[in-house]
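Q: Structure for this input, please:
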Amino acid sequence: MNILVTGAAGFIGSYVVRRFAERGDNVTGLDNINSYYDPELKYARLAEAGIAKEDAEKWYRFAESSVYGERYRFIRMNLEDTEAMKMLFANGRFDAVVNLGAQAGVRYSITNPHAYIESNVDGFINILEGCRDNNVDHLVYASSSSVYGLNGKVPFSEHDGIAHPVSLYAATKKSNELMAHAYSKLYQLPTTGLRFFTVYGPWGRPDMSPFLFMDAILHDRALKVFNNGDMWRDFTYIDDIVEGIVRITSVIPQGNSAWDEQHPDPATSPAPYRIYNIGNSQPTRLMDYIKCIENAIGREAKKDFLPMQPGDVYQTYADSSALAEATDFKPDTPLQDGIDRTVTWFKQFYNL
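A: Just a heads-up that it's a prediction; the model follows:
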């Protein structure tokens with residue numbers, strides 16, 4: 001296939017690009033390489049695919065010197081740049097689009113809300129318009145487990161409502177799902193939204209807990225443990241996330257022939273629209289998660305116990321049965337195994 005992957009210098013996107021290119025697809029990677037966190041980490045991810053920093057730094061110019069030859073090219077571009085996105089789609093002739101580009105982070109959305117509207121809403125409408133105008137066969141896009149918000153029923157199911165997000169980040173991801181459904185219904189554009197559950201692994205984001213905790217322990221600083229450690233997360237290893245994305249890209253949604261308008265299912269539609277969870281389905285207590293990191297490093301952490309942060313949720317827990325049924329795949333990497341690999345990479349990358 002000819003595939004556009006946005007967020008190609010990001011944590012998940014950099015893996016997805018390489019996976020598609022390795023299996024023989026032609027991939028265009030897009031990223032704006034913003035400074036939300038250290039851009040040098042993003043350039044290092046691109047370098048893993050053979051994209052030189054001096055080429056990646058240039059705006060609106062394709063870098064094509066990858067280890068995958070002509071199968072991978074990278075372009076630095078903003079999703080919210082409407083005219084540039086129109087040209088990219090018109091010239092790209094993409095069969096599928098995997099939209100992983102977004103302004104991430106729950107807590108940052110409290111201090112810089114406009115960045116989320118620009119990237120996650122304005123940028124997403126450009127993705128939808130590009131797909132509609134250029135007959136893209138399938139749009140796959142990143143949503144988030146954050147959309148479940150105040151939901152207390154667990155495990156979280158795609159078939160439950162998501163009416164009460166508790167952060168602007170979550171609200172923008174919910175808006176993506178609503179916008180995608182409108183385009184699926186109006187224009188018969190096949191769209192699939194993927195709700196990721198606490199992704200971790202090598203090359204991950206520095207603002208997420210694995211990096212924050214590893215860095216603190218290795219530098220003898222206290223961990224910030226929110227809600228006094230009484231939190232649960234469904235940690236999902238990066239390889240499992242990538243496997244789910246790659247498989248679902250080939251599963252083009254059809255309208256639900258059994259749709260009941262009196263009892264509407266939020267995960268499906270009479271339009272070609274689908275929502276899936278991708279999670280390990282094994283929620284872990286925060287203190288047990290910290291213990292896994294301590295085991296991998298071989299050192300006990302100092303801990304600073306704090307109240308719940310605004311925008312955080314108490315627990316995440318994925319029901320991934322729909323994904324398993326659609327793709328014959330279910331995330332299953334044991335947490336300690338994934339943490340061990342992450343710590344090994346972290347120490348090597350940062351020379352610790």
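Q: check contacts around the residue nearest to Glu22 when sequence neighbours are not counted.
A: In this structure, Glu22 finds its nearest non-sequential neighbour in Tyr68, 7.4 Å apart by C-beta to C-beta, 6 or more residues apart in numbering. In short, each C-beta sits where N, CA and C put it, glycine included. Residues in contact with Tyr68 (C-beta atoms under 8 Å, 6 or more residues apart in numbering) are 18, 21-22, 27, 49-50.
Q: Break down the stretch 251-352 of the chain into its helices, ranges please.
A: Ranges of helices in the stretch 251-352 of the chain, per DSSP state H, counting those that start in this stretch, are 286-297, 321-327, 335-349.
Q: show me the contacts for the residue lying closest to Met308 once chain neighbours are set aside.
A: Leaving aside its chain neighbours, Met308 sits nearest to Asn227 (4.2 Å; criterion: C-beta to C-beta, 6+ apart). Contacts of Asn227 were listed using C-beta under 8 Å, 6+ apart, and they are 286, 306-308, 312, 314.
Q: part of a helix, is Asn227?
A: Yes. Assessed by DSSP: H, G, I helix; E, B strand; the rest coil, Asn227 belongs to a helix.
Q: Can you turn the buried part of the contacts of Tyr68 into a ChimeraX selection?
A: Buried members of the contacts of Tyr68, defined by 16 or more other C-beta atoms under 10 Å, are picked up in ChimeraX with:
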select :18,21,27,49,50
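Q: List just the nearest of the contacts of Tyr68 to Leu223.
A: Closest approach between these and Leu223, by C-beta to C-beta: Arg18, at 31.8 Å.
Q: give me phi/psi at the closest one?
A: With angles defined as degrees, to the nearest 10, Arg18 sits at phi -70, psi -40.
Q: show me the contacts for it.
A: By C-beta under 8 Å, 6+ apart, the residues touching Arg18 are 48-49, 68.
Q: Try it again at 6 Å.
A: If you count contacts by C-beta atoms under 6 Å, 6 or more residues apart in numbering, Arg18 has them with Ala49.
Q: per-residue confidence at it?
A: Predicted confidence (pLDDT) at Arg18: the value is 96.
Q: what do you get for the one 5 residues further on?
A: Predicted confidence (pLDDT) for Arg23: 95.
Q: ok, back up a step: and of the contacts of Tyr68, the nearest to Trp345?
A: Looking across these and measuring by C-beta to C-beta, the closest to Trp345 is Arg18, at 15.1 Å.
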